[in-house]
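In: quick one: sequence and predicted model below, then my questions.
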Amino acid sequence: MSLNWRLLVHPSSGLLVVLLSTIVAVYGWRYRNARLGKSGKDVIETFNIQKVHKRLGITLLSLTVIVWLVELAINFKMVNNATHSLGAIALVVLLATSATIILKFRRRRWASPVHLTLNGIILVIITVQLLSGIKILNYLF
């Protein structure tokens, strides 16, 4: 059986999503601490951290949608892994919801805690996606 290069596109881009989500989470946590006055950063530095977090977050959402679409395009008929497929759908929906809440309702008191809670759930789902993806790769190879 020859190696199909398309089988490596989804796992490689999935690892990129994991890496990017870690970076977005770090910037989000740095912004939260700076906003609460726990980091000693001035207003300009805090604003810059928030801008980087926002740009990386939008990039993460876009890349996650692309990776999900690549998975659908490749259509792994030989592997039926409900955990990985449902996790991907949940990830796309929760990322979009979290981004919408914080971008559209930023001034509302409930927006920040909901954004933080959803992002915690997202990190758990990304971990599950990584583990189920490794399981699929072990099955394929």
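Out: Here it is on my side, so go on. Residues are numbered from 1 along each chain as shown.
In: only C-alpha atoms from now on, for both contacts and neighbour counts.
Out: Will do.
In: would you map the helices across the protein?
Out: Assignment of helices within the chain using DSSP state H yields the ranges 6-35, 43-74, 82-104, 111-140.
In: using a markdown table, lay out these together with mean neighbour count.
Out: Below are these laid out as a markdown table (neighbours: other CA atoms under 10 Å):
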| stretch | mean neighbour count |
| --- | --- |
| helix 6-35 | 17 |
| helix 43-74 | 17 |
| helix 82-104 | 17 |
| helix 111-140 | 16 |
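In: got the ones you listed as a markdown table, with mean pLDDT columns?
Out: What follows is the helices of the chain, written out as a markdown table (pLDDT from 0 to 100):
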| stretch | mean pLDDT |
| --- | --- |
| helix 6-35 | 89 |
| helix 43-74 | 90 |
| helix 82-104 | 92 |
| helix 111-140 | 91 |
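In: mind listing what the one residue sitting closest to the centre of the chain touches?
Out: Nearest to the geometric centre of the chain sits Ser21, at 4.6 Å (CA atoms, centre = their mean). The contact partners of Ser21, by CA atoms under 8 Å, 6 or more residues apart in numbering, come to Gly57, Leu60, Leu123.
In: need these in CSV with distance to Tyr31, can you?
Out: Output for these, formatted as CSV (distance: CA to CA, whole Å):
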residue, distance to Tyr31
Gly57, 13
Leu60, 17
Leu123, 17
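In: Leu140: which of those residues is nearest?
Out: Leu140 lies nearest to Leu123 out of these, by CA to CA, at 25.5 Å.
In: can you tell me how far the residue nearest to that closest one when sequence neighbours are not counted is from Tyr139?
Out: Spatial nearest neighbour of Leu123, excluding adjacent residues (CA to CA, 6 or more residues apart in numbering): Ser21 at 7.7 Å. Distance of Ser21 to Tyr139, given as CA to CA, to the nearest Å: 26 Å.
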